[in-house]
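J.: sequence first, predicted model second:
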Amino acid sequence: MHALPASVFAAFCVAACCYNGCMSAPHETIRDLLDRDPFQPFLILTTGGESFTVRNPHSVAFTRPQIFIAAPGSDRLTYVPDLHVSAIDVLANGHRRNGHSGRRRKRK
């Protein structure tokens, strides 16, 4: 028996849950987040390990199998297939919940 790579396994689990109806489709979850008033930024994580921050509710568009995410301040557009959305994380005050800003402080 061969083990599946983690990304393939995660994609299979998300697809199986969406197909069986035990979890809402990513479109519905993202639409709910986009409609919040006031808008709260969120992060879309993919099975491939990529993450996309949505800071503007007008930077996301949908087609049935994909989510389109526009990068702020550029002409770049990213296509994310529904089956590859592994998590959606709401950002508190525009930052990730773990409290790290990505920069390390100097020790005294």
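T.: Looks like it came in fine. Residues are numbered from 1 along each chain as shown.
J.: could you pull up phi and psi at residue 54?
T.: Here is the backbone geometry of residue 54 (degrees, to the nearest 10): phi -110, psi 110.
J.: residues contacting it?
T.: Residue 54 makes contact with 30, 33, 34, 41, 42, 43, 44, 60, 69, according to CB atoms under 8 Å, 6 or more residues apart in numbering. All C-beta spots, glycine's among them, are computed from the backbone N, C-alpha and C.
J.: farthest-separated two in those?
T.: Comparing every pair within the contacts of residue 54 by CB to CB identifies 34 and 43 as the most remote, at 13.6 Å.
J.: still on that earlier bit, okay if I get the contacts of residue 54 as a markdown table plus secondary structure and distance to residue 53?
T.: Compiled in a markdown table, the contacts of residue 54 are given as follows (DSSP: H, G, I helix; E, B strand; the rest coil; distance: CB to CB, whole Å):
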| residue | secondary structure | distance to residue 53 |
| --- | --- | --- |
| 30 | helix | 13 |
| 33 | helix | 12 |
| 34 | helix | 14 |
| 41 | coil | 6 |
| 42 | strand | 8 |
| 43 | strand | 5 |
| 44 | strand | 8 |
| 60 | strand | 11 |
| 69 | strand | 9 |
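J.: once you drop chain neighbours, what's closest to residue 91?
T.: The spatially closest residue to residue 91, leaving aside those adjacent along the chain, is residue 41, at 4.5 Å (CB to CB, 6 or more residues apart in numbering).
J.: and the buried ones among the contacts of residue 54, selectable in ChimeraX?
T.: Below is the selection syntax for ChimeraX that covers the buried ones among these, with 16 or more other CB atoms under 10 Å defining burial:
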select :30,33,34,41,42,43,44,60,69
